[in-house]
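Asker: Turn this into a model:
(one chain, ligands or ions: 1)
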Amino acid sequence: MHSSLVIVVCLAVLQAAVAKDLRNAAEPKIPAACTSLSGTGKEETEVIQKALTGCAKGKAVHLSSGTFISGPLTIPTGVGLWVDSAATLKASTNPKDFDQGKNTCGTLDGSGSGCKPFITIKGAKGSGIYGKGTIDGQGGQTIQGKGVSWWELARDAQTKNKKQNCPRLIQIENSQDITLYQITMKNSPNFHVSSKNTNGFTAWGVTINTPGTARNTDGIDPASSQNVTIAHCSIATGDDNVAIKAGDGPTRHVSILNNKFGVGHGMSIGSEVNGGVSDVTVTTLTLDGTTNGLRIKSDKSRGGLVTGVTYTDVCIHNVKNPIVLDTQYSSSGGSKIPTFKGITFNNVKVLTAGTFTFDGISDSNPVEATLNNVHIKSGSKWVATHAKITGKYAEDASGSSC
Ligand SMILES: *[C@@H]1O[C@H](CO)[C@@H](O)[C@H](O)[C@H]1NC(C)=O
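Answerer: Residues are numbered from 1 along each chain as shown. Coordinates of the predicted model:
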């Protein structure tokens, strides 16, 4: 009797110990400047890129003050871009500056891959973006020669069932130990931050502030990446505030700590999870005014195993769908079957009534979730289909703000 209890406790501790970024990322530091620049308010792509290319590893190009307008920039391995509090780095509104070579950036087509990102970090180690200044993607501004903004183009794509070619703000790929620290990002034409196939990625003290109506403007999307920390960030935007994806390999060991989400589609995992998502901890999160709260979404065309996900100390207010575990979020068919199990909710408080959804594929492949100390508002709707739920919720949440 006693020994089996000990085993159970050890397993629980072991699981808690691995469900996170294994690096235990600490607060980053801004590197010393290799050079300092002041913005003239004019287009300065070449000036900034030359400074980045010439910067010594371990140092950062310091944008000290003023407004810089730029086309695509690449941050080399080991180099930082430091946008200081008095400086703003704005993306050019000329689609030609971002074109991938097919003259499709700023148009609609079937692929949506016609634009380069504003800032690219690729095949790099130890690079980062730092400082209390602002990176503005100018998504709401009219783009040159097109008569619409990037966001209007994205809306247009939706009604015409096509894809918009709009630049992402920051694209990180095949890299190691990449840092975003303190920076404010706003008005991205498309996703704000995507980190793909990257091991070691920290976003710390970052602010994203973009209107809720700006389509496909995800906040931070770690994809097929390992050892990820997103901490002390404030994210409001027009799509997923954070979306953990795994379309191209597994995503594991993710810590989402002490964050605040405003408008957006919520704290998401999916929809691409065919590479597997595991060992994720979301601890101390406030969601206020998002459409979804804690959400795992996939379908049969991009499903996989999502397991070892723990949400702890979460407060949800003014959210239509506070918890959604949905294996059939679209009707797409295929053989990539979603399995969500080992999903744990600890100390979750939902202050406004909403719809809770637990929707597994079948009774033989149900979503498996555990509830500990979950308090929801009376009048909520609880829908569980093909679901194995351990623990209970209480309809006794009170209070008017998180
Ligand atoms: C994650 O971090 C741990 C601890 O630093 C390290 O041992 C491991 O190799 C890292 N994983 C990857 C895939 O880089």
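Asker: for Ala157, helix, strand, or coil?
Answerer: For Ala157, the secondary structure call by DSSP: H, G, I helix; E, B strand; the rest coil comes out as helix.
Asker: nearest residue to it other than its sequence neighbours?
Answerer: In space, and not counting its chain neighbours, Ala157 is closest to Gln164: 4.0 Å by C-beta to C-beta, 6 or more residues apart in numbering. Placement of C-beta: from N, CA and C, glycine included.
Asker: cool, and Tyr393?
Answerer: The shortest distance from Tyr393 to any residue other than its chain neighbours is 4.2 Å, reached at Val374 (C-beta to C-beta, 6+ apart).
Asker: can you pull the contacts of that neighbour?
Answerer: The contact partners of Val374, by C-beta atoms under 8 Å, 6 or more residues apart in numbering, come to Phe345, Asn347, Val348, Gly391, Lys392, Tyr393, Ala394.
Asker: residues contacting Lys377?
Answerer: Listed by C-beta under 8 Å, 6+ apart, the contact partners of Lys377 are Val350, Leu351, Thr352, Ala353, Gly354, Glu395, Ala397.
Asker: Over to Thr53?
Answerer: Applying C-beta under 8 Å, 6+ apart, one finds that Thr53 lies in contact with Pro76.
Asker: Got the phi and psi for it?
Answerer: phi -60, psi -30 (degrees, to the nearest 10).
Asker: do you know how far it is from the ligand?
Answerer: 27 Å (C-beta to the nearest ligand atom, to the nearest Å).
Asker: swap in Gly399?
Answerer: Taking C-beta to the nearest ligand atom, one finds Gly399 at 38 Å from the ligand.
Asker: Read off the pLDDT value for that residue.
Answerer: As summarised for this prediction, Gly399 has a pLDDT of 94.
Asker: How about it, nearest residue that isn't a chain neighbour?
Answerer: Excluding the flanking residues, the one nearest Gly399 by C-beta to C-beta, 6+ apart is Leu351, at 5.5 Å.
Asker: Show the contacting residues for the residue lying closest to Asn274 once chain neighbours are set aside.
Answerer: Excluding the flanking residues, the one nearest Asn274 by C-beta to C-beta, 6+ apart is Gly304, at 4.2 Å. Applying C-beta under 8 Å, 6+ apart, we find Gly304 in contact with Ala246, Val273, Asn274, Gly275, Gly276, Val277, Ser298, Lys336, Pro338, Thr339.
Asker: Need phi/psi at the first one.
Answerer: So that's Ala246. Ala246 adopts backbone torsions of phi -150, psi 70, taken as degrees, to the nearest 10.
Asker: And the closest residue to it other than its chain neighbours, how close does it get to Thr229?
Answerer: Of all residues beyond its chain neighbours, the one nearest Ala246 is Gly275 (3.6 Å), with distances taken as C-beta to C-beta, 6+ apart. Computed with C-beta to C-beta, to the nearest Å, the distance linking Gly275 and Thr229 is 20 Å.
Asker: who's more crowded, those two?
Answerer: Neighbours per residue (other C-beta atoms under 10 Å) separate Gly275 from Thr229, with Thr229 holding more: 24 against 18.
Asker: for the host helix or strand of the more buried one, packing partners?
Answerer: Under DSSP states H and E, the secondary-structure element containing Thr229 is strand 226-231. Contacts of strand 226-231 with other secondary structure elements, assessed using 3 or more C-beta pairs under 8 Å, 6 or more residues apart in numbering; DSSP states H and E, are made with strand 199-204, strand 220-223, strand 251-261.
Asker: need the residues of the chain near the ligand, please.
Answerer: Leu22, Arg23, Asn199, Gln226, Asn227, His253 (C-beta under 6 Å from any ligand atom).
Asker: Just send the residues you listed back as TSV, with neighbour count too.
Answerer: Written out in TSV, the entries for the residues of the chain next to the ligand read as follows (neighbours: other C-beta atoms under 10 Å):
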residue	neighbour count
Leu22	14
Arg23	17
Asn199	18
Gln226	20
Asn227	22
His253	23
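Asker: Tell me the spacing between Ile208 and Leu294.
Answerer: Counting by C-beta to C-beta, the separation of Ile208 from Leu294 is 19 Å.
Asker: cool, Asn174 as well?
Answerer: Between Asn174 and Leu294 the distance, using C-beta to C-beta, works out to 30 Å.
Asker: Comparing the two, which shows the higher neighbour count?
Answerer: More neighbours sit around Leu294 than around the other of Asn174 and Leu294, counting by other C-beta under 10 Å; the figures are 27 against 12.
Asker: what about the more buried one, helix or strand, and which?
Answerer: For Leu294, the enclosing helix or strand under DSSP H and E is strand 292-297.
Asker: residues touching the closest residue to the ligand within the stretch 101-250 of the chain, list them.
Answerer: In the stretch 101-250 of the chain, no residue comes nearer to the ligand than Asn199, which is 3.4 Å away by C-beta to the nearest ligand atom. The neighbourhood of Asn199, defined by C-beta under 8 Å, 6+ apart, consists of Gln176, Asp177, Ser225, Gln226, Asn227.
Asker: If we use 10 Å, what do you get?
Answerer: Under the criterion of C-beta atoms under 10 Å, 6 or more residues apart in numbering, the neighbours of Asn199 are 23, 125, 174-178, 225-228, 252-253.
Asker: and what of Thr120?
Answerer: For Thr120, the set of contacting residues under the criterion of C-beta under 10 Å, 6+ apart consists of Pro72, Leu73, Thr74, Ile75, Arg168, Ile170, Gln171, Ile172, Glu173.
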